[in-house]
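Asker: Need a 3D model of the following:
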Amino acid sequence: MKKPNYTSEIRERAVQLLIESEKDYPSTWAAITAITPKIGCTLETLRVWHQKYLDKQNPVKVQQVSDQEKMKQMEREIKELKRANEILRKAAAFFAQAELDRPHK
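Answerer: Presented below is the predicted three-dimensional model:
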């Protein structure tokens, strides 16, 4: 079964509808349960969209995500540097051996 693809506009409108409707329900989950049939997504989908929206509003959470992205980028760069270092080490060993194998005058 193909996963539905919702545009960012639909996600934003759904979250705004949820935020506006929350006051009419005893809980956020009750509002989600009422709204999802109108949108055509699953309960979990709307809950995740709402959570991501809330996370973006929280400066501490935004900083954590930013730090995590920086760490992932640094880990990728370290991995690339290690790979390049390994290539250079092997090339140096190859050329050193070639120099040793070359007949000297």
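
Asker: so where do the helices sit in this structure?
Answerer: Here the chain has its helices, by DSSP state H, at 8-21, 28-39, 43-57, 59-101.

Asker: quick one: average pLDDT of the last one?
Answerer: I take that to be helix 59-101. Helix 59-101 shows a mean pLDDT of 88.

Asker: What of stretch 26-46?
Answerer: For stretch 26-46, the per-residue pLDDT averages 93.

Asker: Need the contact partners of that stretch.
Answerer: 4, 6, 10, 14-15, 17-18, 21-22, 24-25, 47, 50 (CB atoms under 8 Å, 6 or more residues apart in numbering). Every C-beta, even on glycine, is put in place using the N, C-alpha and C of the backbone.

Asker: As CSV, the helices of the chain with mean neighbour count would be great.
Answerer: Formatted as CSV, the helices of the chain follow (neighbours: other CB atoms under 10 Å):
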stretch, mean neighbour count
helix 8-21, 15
helix 28-39, 16
helix 43-57, 15
helix 59-101, 10
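
Asker: tell me the centre residue of this protein?
Answerer: In the chain, the residue lying closest to the centroid (CA atoms, centre = their mean) is Glu69, at 7.9 Å.

Asker: For Ala96, give me its contacts.
Answerer: By CB under 8 Å, 6+ apart, Ala96 has no neighbours at all.

Asker: and the contacts of stretch 26-46, which two are the farthest apart?
Answerer: Pro4 and Asp24 (26.3 Å; CB to CB).
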